[in-house]
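> Show me the folded form of this:
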Amino acid sequence: MQLSLWRFFRRYTVWQKGLKWVLVLAPFLNSYSARTQSDTLLHLSFNDRYRILLNLFGRYSDAPDTTVFSTEINAFSALAKAKNDKKFLLELQAIQLKRRYEKRLEPRPALEGAFKQAISSAEDSGYRQIQATLEFYLADFYWQIKDYPQAIQHFEKADVVAEKLAEKDFFLKREIAYQIGSNYYTLTDYVVAIYYLRKAVNLTNSADSLQARITMYNTLGLAYLNLNKLDSAKINLHQALDYAIRTNSQGWVANASGNLGHVYMLQGEVDKGEALLVKDKEISLQIGAKSPAAGAFMELANINFNKGKVDLAAKQLDSAILLMNNMMPFHRKGVMYPLLSKISAYKSRWQDAARYMDSTLVVLDSLTRLDNAVQMLRLKQLMELQESRVEIAQREVSIRKKTMQGYVMIAGLLFALIAGVLVYRQKRKADSAKKRSDELLLNILPKDVAEEMKTMGVSRARRFEETTILFCDFKNFTLYSEEMPPESVVQILNHYFMAFDSVVNSLGLEKIKTVGDAYICASGLPAPDPRHAEKTVLSALKIQEIMQKSPAGWQLRVGIHSGPVVAGIVGIKKFAYDVWGDTVNTAARMEQHAETGKVNISQATYELVKDKFQCTHRGKLEVKHKGEMDMYYVESILAEK
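Take a look at the predicted model:
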């Protein structure tokens, strides 16, 4: 009885919510009604009104007559101006900007300018929902044109603003978190993707569609899968499959079943994995989803080959190829060709086996160029394939060598080919490892010092009489570390340090090290440079310029001092190139006495750059262990006379 009452209450609640939306949306089913019911529209909440506007203008967006959209939005804009409703006007502007970038109606600079002006207006007026919406749309615009760094920055700004709003007051809050997580997944940054996807899942409430939950849990499961966290992947993919079954979404049932089956296979639960993959194949065939069905056929073919059911595996692989009709995606070829090679070798079709082996190498070579993580995975697959080939060839030669001498000769040739490929690949792998080792060494040591270490095994310390040292660190870094997720702190810190590296490298400075949030670099070593002070100060100004443009809002102190130092390698394990001396200590004191956003230099540095930069004398300041010292703020570069 209690269960029946609960079901009745749930059904009544759903119908009640549906009736509410029918009553709210009914007056706005056409543009004329919307304008005649303007007073009702103006008094709705942001969530209700904005949903109505999106629904209304969404119908005009794809209309052949582009003037219809403009006419209607101009009518609403006139209404907003007549009512002096700035908030309503900004909501309309957000929808208009959304259409402008989706339809590619104008160049990028014009859209960027319009977005930034609207965002500034919303921020100044305190309209947080509209500010977050505009940031979200601007991020989507950048994502569509593949400017991923800008897109991520604005997605995260939208999330920061949305974080201050309750979900009941801002219906896009969960969508923003999900979109950021989904985009990081696309960029293969799975750790950060999981952070935002879990945030989206936690924001999901009972009013959300089950379709949205399927998408979130499926993406979250795949992110865990890519990090090889199979138990977490399985939990989230089970959730996706459960919601897909409840909504009878056959495409999602197939998709989630295939993904879950793959996880079970990786965990060695072959029977469960195979059953789910069969389910994926059957549903995909029923709904005409050829690519997913082909993928399921391939996985099943691998399973059956490993079980010794070679003929069945061959038939399933043929079905996959037939479904794709010679349009096999590149990543699927990386599964298809190795299996074709193994099946051909098993059936003693040695020429076919060799041909498919070469095709495999071509595919794997192309896939290894995607990125470092994928490269390592593909190299591993390649070695496993080569080992498998040797095993197959040896077994077949052993079986047939007593009956047909011709086959023995072919098998010998194939084995020689495999051995040659192995030697060649091993050499390439060794060359690649050496190149990577050299690159890593150059990331740690200056080029001259690295060469000395490689040839001599040691590097002696040297004294450099004319150098300039730069110290900088972030204000309130401890507070950021305590209040922000660790992944976000590291990500922002890495973003800044990469930008600093770019500036330092472009001007020929030597990065010394980072210690926590502190960044240290030098000029005039390991090779002398008569412009060491000038280049260091110019680097500092460029770094502060980067900080001023950054949306994260972090602030930086910079201190510079010039003089002699001793530089060399310290330690024998995890060694590093470092600098010592009073010049280094004094540069650190300059940074400690600097204000955020400023470049503070000593008297020694000032004397070297005063003809190149406009500086402001700060007077004598008390410095620990040094007494009073003259300090200067660098304001700008002096114009050439």
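
> three-state assignment of residue 633?
When classified by DSSP: H, G, I helix; E, B strand; the rest coil, residue 633 comes out as strand.

> ok, it touching residue 599?
Yes: the criterion here is CB atoms under 8 Å, and residue 633 meets it with residue 599 at 6.6 Å. Bear in mind the C-beta positions are built from the backbone N, C-alpha and C, glycine included.

> of these two, who's got more company?
Using other CB atoms under 10 Å as the criterion, residue 633 and residue 599 rank with residue 599 on top: 30 against 15.

> Who are the contact partners of the more buried one?
Shown in contact with residue 599 (CB atoms under 8 Å, 6 or more residues apart in numbering): 537, 540, 541, 544, 558, 560, 633, 634.

> same check, this time on residue 579
Counting by CB under 8 Å, 6+ apart, residue 579 makes contact with 467, 469, 512, 522, 525, 565, 566, 567.

> Filter those down to the buried ones, ChimeraX style.
Buried members of the contacts of residue 579, defined by 16 or more other CB atoms under 10 Å, are picked up in ChimeraX with:
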select :467,469,512,522,525,565,567
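
> Tell me the one among the contacts of residue 579 nearest to residue 145.
residue 512 (37.9 Å; CB to CB).

> Could you check how far the closest one is from residue 150?
31 Å (CB to CB, to the nearest Å).

> can you check residue 119 too?
On the measure of CB to CB, residue 119 and residue 150 end up 13 Å apart.

> More neighbours: which of these two?
residue 119 (25 against 16).

> and residue 84, that one's in a helix?
No: counting by three-state DSSP, residue 84 is located in no helix; its state is coil.

> what's it sitting at in phi/psi?
phi 50, psi 40 (degrees, to the nearest 10).

> do residue 288 as well
Dihedral angles for residue 288 - degrees, to the nearest 10 - are phi 80, psi 20.

> and if you look at residue 170?
Torsion angles at residue 170 (phi, psi; degrees, to the nearest 10) stand at phi -150, psi 100.

> Ok, residue 629 next?
phi -140, psi 140.

> what pairs with it across the strands?
Beta-bridge pairing of residue 629 under DSSP bridges involves residue 621.

> Pull the contacting residues for it.
586, 589, 602, 603, 620, 621, 623.

> follow-up on the earlier one: of the contacts of residue 599, buried ones?
Using 16+ other CB under 10 Å, the buried members of the contacts of residue 599 are 537, 540, 541, 544, 558, 560, 634.

> quick one: which of those sit in strands?
Within those, residues falling in strands by DSSP state E are 558, 560, 634.

> and the last one, what does it touch?
This points to residue 634. Residue 634 neighbours (CB under 8 Å, 6+ apart): 537, 540, 541, 598, 599, 601, 609, 613, 614, 615.

> thought the third one was touching residue 637?
Yes: between residue 541 and residue 637 there is a contact at 7.3 Å, judged by CB under 8 Å.

> Give the residues shared as contacts by residue 119 and residue 150.
Contacts common to residue 119 and residue 150, judged by CB under 8 Å, 6+ apart, are absent.

> count of neighbours near residue 465?
9.

> Let's verify it: helix, strand, or coil?
strand.

> In space, what's closest to it - neighbours in sequence excluded?
Nearest residue to residue 465, sequence neighbours excluded (CB to CB, 6 or more residues apart in numbering): residue 564, at 4.8 Å.

> Where does that neighbour sit, in terms of helix or strand?
According to DSSP states H and E, residue 564 maps onto strand 556-570.

> Can you list the strands that that strand pairs with?
When DSSP bridges is applied, strand 556-570 pairs with strand 462-474 (antiparallel), strand 576-580 (antiparallel), strand 599-602 (parallel).

> mind listing what the residue nearest to residue 465 touches?
So residue 564 contacts 463, 464, 465, 466, 467, 581, 583 (CB under 8 Å, 6+ apart).

> Leaving out the residues flanking it, which one is nearest to residue 529?
Per CB to CB, 6+ apart, closest to residue 529 is residue 523, 5.8 Å.

> and that neighbour, what does it touch?
Residue 523 sits in contact with 467-468, 470, 507-510, 529, 531-533, 535-536, 539, where contact means CB under 8 Å, 6+ apart.

> I'd like to know which of those residues is nearest to residue 77.
So of the contacts of residue 523, ranked by how close each gets to residue 77 (CB to CB), first place is residue 539, at 48.2 Å.

> So for the closest one, what's the pLDDT?
Residue 539 is assigned a pLDDT of 94 by the prediction.

> correct me, but it touches residue 468?
No: counting by CB under 8 Å, residue 539 does not reach residue 468; the two are 9.6 Å apart.
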